[in-house]
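In: attaching a predicted model along with its sequence, questions to come.
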Amino acid sequence: MLVAVFVIMAFFIVTIGVLSYKGFKKEFRKDVENNLNAILNLKVAEIVQWRKERIADGSAFMANQSFSDLVNRFIASPLNPDLPDRLGKWLKQMRSAYAYECISLLDTRGNKLISEPLQLTPVTSHLINDINIVGQTQKVTILDFHRDGHDGPIRLEVLVPVQSPEDPDKIIAVMVFVINPEVYLYPLIKIWPTSSRTAETLILRREGDSVLFLNELKFQKNAALNLRFSINNATLPASKAALGNEGIFTGIDYRGVPVISSLRTIPDSPWFMVALVDIKEVFAPLNTKWWTMFIVVVLLILSFASIMFSLWRRQRIRYFNEKYEIEREKAKTDKDLEESEHKFRETVKYLDEGYYSVSIDGYLLDHNQAFNRILGFDIGQDLKGAQLPDFWQNPDERKVYLDELIARGFIRNYLINAKTISGEKIVVLANSHLVKDEQGKLVRIEGTYNDFTERKQAEEEIIKLNAELEDRIAKRTNQLEAANKELEAFAYSVSHDLRAPLRAVDGFSKFVLEDYENKLDSEGKRLLNLIRSNTQKMDQLITDLLALSRVTRCELNVSGIDMTQMAISMFKEIAQDVPDKIRLKVDPLPEAYADPTYIRQVWANLIANAIKFSSKEKKPSIKIHGHTENGFNNYYINDNGVGFNPEYTHKLFGVFQRLHKTDDFEGTGVGLAIIQRIIHRHGGKVWAEGKEGKGATFWFSLPIKK
């Protein structure tokens with residue numbers, strides 16, 4: 001009977017455990033899917049907004065009558081020296097304001113009229129064909145990801161038709177805005193809001209019966225515009241997305257690794273987007289939950305087994321007691337009775353449970369060795385005839401126990417908070433019953449008990465651990481949801497609510513200055529220029545703050561970096577307007593192992609600062625040096641500029657901290673803060689040395705690859 005009860009209860013415990021794990025697994029997967037959908041929806045919304053802004057940039061030029069008139073006059077009088085300068089200013093302002101790599105003006109036959117910056121490369125054949133199409137549609141068009149040549153860089157282009165001032169249906173020229181996706185689009189696709197080893201975002205397009213990857217991948221180099229798969233691959237998330245499927249999809253990614261993904265079509269574009277993460281990584285917490293549930297189930301089964309064992313042992317004691325009574329009644333002689341008592345005492349003596357028999361007035365009539373061991377007496381000490389020791393921690397609990405025993409005549413599996421003779425607190429599981437004579441008179445109390453202390457502590461620890469685990473899971477889930485909401489709100493506010501109005505104010509102010517220059521007095525021009533200057537400063541501040549926030553959110557993709565080549569390349573890019581004026585010396589630098597995108601930004605900020613703060617010197621010079629020391633690669637950049645007061649060195653790397661007036665040197669006070677966060681994320685440090693009027697030296701260190 002006890003075996004059957006144990007099997008039923010064990011089956012019930014296992015069933016509850018399995019159902020609980022399945023419920024947790026279902027909710028966990030739902031959270032994973034919701035997070036993937038939220039991340040992908042945010043990226044799709046940002047890309048849609050980015051495309052709208054590019055179309056809006058072109059539409060602003062297309063609708064500008066003054067610009068169309070200027071282009072028309074330039075085409076009619078190409079030798080007029082004033083017209084190219086004016087057109088160049090328009091193109092330069094547009095390129096600077098919206099970070100285009102290049103802006104060119106072509107005639108309707110594809111001949112390059114002017115470009116900013118100046119480029120002598122010929123117009124590609126595909127661009128000539130696209131110009132003809134734009135001339136027919138008379139709409140602003142975005143050319144998809146492409147390469148000009150086999151090994152050329154990946155670029156996008158915005159084609160803007162320029163209408164004739166006299167005949168709006170006639171196209172007199174086409175503007176070409178060249179976009180480098182490495183500047184904004186690829187970092188936007190690459191960023192992931194939480195720390196993850198395998199998560200990444202893909203952007204794709206369909207080409208015939210294949211799907212083409214448009215961005216670089218985390219686990220495969222040179223994938224952009226090179227890697228493609230069959231559109232009929234039923235297990236590949238990219239193929240499913242290119243067929244128009246949307247939502248959650250579980251499949252095999254380009255590496256042959258099982259992943260869970262979210263698929264979306266990007267509206268008003270030929271692109272599709274996939275956000276995915278390895279199943280092994282995302283469902284790793286389920287293994288912890290499974291083992292926790294397994295341990296809980298096993299401990300519960302063991303606890304129930306111990307209770308069943310106690311019941312079985314109690315039945316054995318009852319069986320021997322009953323046998324003893326029968327044998328005593330049958331005994332006709334003192335010898336028979338003595339033999340029976342001897343057998344009973346020998347059996348009870350070696351029981352693992354404590355046995356006792358006590359008189360009505362509280363004196364021990366009998367006990368076994370386990371009774372002494374559990375209560376802390378010497379195991380061989382004979383306590384018969386002594387007063388029953390008071391082993392109750394709380395006397396009130398003893399009264400409740402005795403009242404129930406007297407009322408029912410027995411007690412089963414009663415937990416008692418007891419104590420040993422030395423005062424040590426223990427928990428015992430007690431069973432007892434009243435013994436009456438033939439006339440029904442109460443003569444004694446008999447019972448057994450087990451030391452239940454360790455088992456009780458284990459049960460309490462299991463309950464505590466389970467509660468802590470559930471609480472941690474709930475907190476992590478709430479933190480992730482809050483982080484996603486804050487990220488989405490911040491990105492939308494910065495990219496739309498703040499930047500669009502600022503650019504509109506700057507653009508319209510520029511148009512007023514150029515188109516109504518003769519109608520404004522000097523004060524009006526000064527105020528408009530002041531408006532433009534401050535809106536541009538605000539736009540740059542927002543850009544810097546965005547860059548600062550991305551530093552702590554984006555995952556680091558480390559690789560080997562040729563620091564010498566990167567430093568020289570960044571100097572040429574930043575100092576292209578004054579390359580001959582500045583004397584640059586770059587010593588051979590140790591190779592670094594870090595994220596190339598972030599380290600490129602570090603060099604850009606440091607070199608830009610060195611150029612800016614040494615610009616007022618007659619012979620500005622910059623020196624870049626590096627060496628290895630104590631497990632770190634140390635790099636520094638030194639200039640002979642205005643320097644700084646060393647007493648305020650601690651303020652250099654704070655956000656919005658500036659040691660020079662804005663009128664003297666422009667800037668937002670965020671660049672050095674970005675550098676510090678990037679280097680700290682790589683495990684390095686930054687510091688600076690300088691004196692007023694004697695230049696400055698900025699150091700940073702990166703750990704050597706182990």
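Out: Cool, got the structure. Residues are numbered from 1 along each chain as shown.
In: select the longest helix from this structure.
Out: As assigned by DSSP state H, the longest helix anywhere in the chain is helix 2-62.
In: and the following helix or strand past that helix with helix 2-62, angle?
Out: Going down the chain from helix 2-62, the next helix or strand is helix 65-76, by DSSP states H and E. Computed by axes from the mean of the first three to the mean of the last three C-alpha atoms, to 10 degrees, the angle separating helix 65-76 from helix 2-62 equals 60 degrees.
In: right, and the helix or strand after helix 65-76?
Out: That would be, after helix 65-76 and using DSSP H and E, helix 82-98.
In: so what touches that next one?
Out: 57, 61, 67, 70-71, 73-74, 77, 100-103, 105, 114-116, 177, 503, 506-507, 510, 536 (C-beta atoms under 8 Å, 6 or more residues apart in numbering). C-betas here are computed from N, CA, C, even on glycine.
In: pLDDT averaged over it - what is it?
Out: Mean per-residue pLDDT for helix 82-98: 85.
In: distance from it to the middle of the chain?
Out: 42 Å (C-alpha atoms, centre = their mean, to the nearest Å).
In: cool, and stretch 427-443?
Out: With C-alpha atoms, centre = their mean, you get 65 Å for stretch 427-443.
In: next one: stretch 416-430
Out: 50 Å.
In: so where do the strands sit in the stretch 151-300 of the chain?
Out: Ranges of strands within the stretch 151-300 of the chain are 154-163, 171-179, 200-207, 210-213, 228-230, 247-252, 258-265, 271-278, based on DSSP state E, counting those that start in this stretch.
In: quick one: contacts of stretch 563-576?
Out: By C-beta under 8 Å, 6+ apart, stretch 563-576 touches 117, 579, 582, 584, 586, 588-592, 596, 599-600, 603-604, 607-608, 611, 622, 624, 626, 633, 635.
In: what residues of it count as buried?
Out: For stretch 563-576, burial by neighbour count (16 or more other C-beta atoms under 10 Å) applies to 563-564, 566-568, 570-571, 574-575.
In: let's have those in a markdown table, adding secondary structure, pLDDT and distance to Gly110.
Out: Below are those laid out as a markdown table (DSSP: H, G, I helix; E, B strand; the rest coil; pLDDT from 0 to 100; distance: C-beta to C-beta, whole Å):
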| residue | secondary structure | pLDDT | distance to Gly110 |
| --- | --- | --- | --- |
| Met563 | helix | 90 | 42 |
| Thr564 | helix | 92 | 40 |
| Met566 | helix | 90 | 36 |
| Ala567 | helix | 90 | 39 |
| Ile568 | helix | 89 | 35 |
| Met570 | helix | 85 | 34 |
| Phe571 | helix | 88 | 35 |
| Ile574 | helix | 81 | 33 |
| Ala575 | coil | 79 | 33 |
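In: if we ignore the residues flanking it in sequence, what's nearest Gly683?
Out: Nearest in space to Gly683, with sequence neighbours left out and distances taken as C-beta to C-beta, 6 or more residues apart in numbering, is Pro703 at 4.8 Å.
In: ok, that neighbour touching Gly684?
Out: Yes. Pro703 is within contact range of Gly684, at 6.4 Å (criterion: C-beta atoms under 8 Å).
In: anything in contact with each of these two?
Out: What both Pro703 and Gly684 touch, as defined by C-beta under 8 Å, 6+ apart, is the set Phe632.
In: so which of these two has more stuff around it?
Out: The residue with more neighbours, out of Pro703 and Gly684, is Gly684; 20 against 14, by other C-beta atoms under 10 Å.
In: now for the more buried one: which residues touch it?
Out: Counting by C-beta under 8 Å, 6+ apart, Gly684 has contacts 632, 700-703.
In: centre-most residue in the protein?
Out: In the chain, the centroid-proximal residue (C-alpha atoms, centre = their mean) is Thr194; its distance is 1.2 Å.
In: so Phe213 sits against Glu207, correct?
Out: No. Counting by C-beta under 8 Å, Phe213 sits too far from Glu207 to count as a contact (10.9 Å).
In: still on that earlier bit, so the longest helix of the chain versus strand 247-252, what angle?
Out: Using the same axes, to 10 degrees: helix 2-62 against strand 247-252 is 110 degrees.
In: for the longest strand seen in the chain, what is the average pLDDT?
Out: Criterion DSSP state E: the longest strand present in the chain is strand 425-436. Averaged across strand 425-436, the pLDDT comes to 86.
In: report all helices and strands that it contacts.
Out: helix 284-330, helix 395-408, strand 410-419, strand 442-451, helix 453-492 (3 or more C-beta pairs under 8 Å, 6 or more residues apart in numbering; DSSP states H and E).
In: spell out which residues make up each domain of this structure.
Out: 2-52+192-282, 64-179, 288-349, 355-451, 459-533, 556-703 (automatic domain parsing).
In: any chance of these in JSON lines, plus distance to Leu185?
Out: Output for the domains of the chain, formatted as JSON lines (distance: least, C-beta to C-beta, whole Å):
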{"stretch": "domain 2-52+192-282", "distance to Leu185": "7"}
{"stretch": "domain 64-179", "distance to Leu185": "7"}
{"stretch": "domain 288-349", "distance to Leu185": "38"}
{"stretch": "domain 355-451", "distance to Leu185": "67"}
{"stretch": "domain 459-533", "distance to Leu185": "13"}
{"stretch": "domain 556-703", "distance to Leu185": "13"}
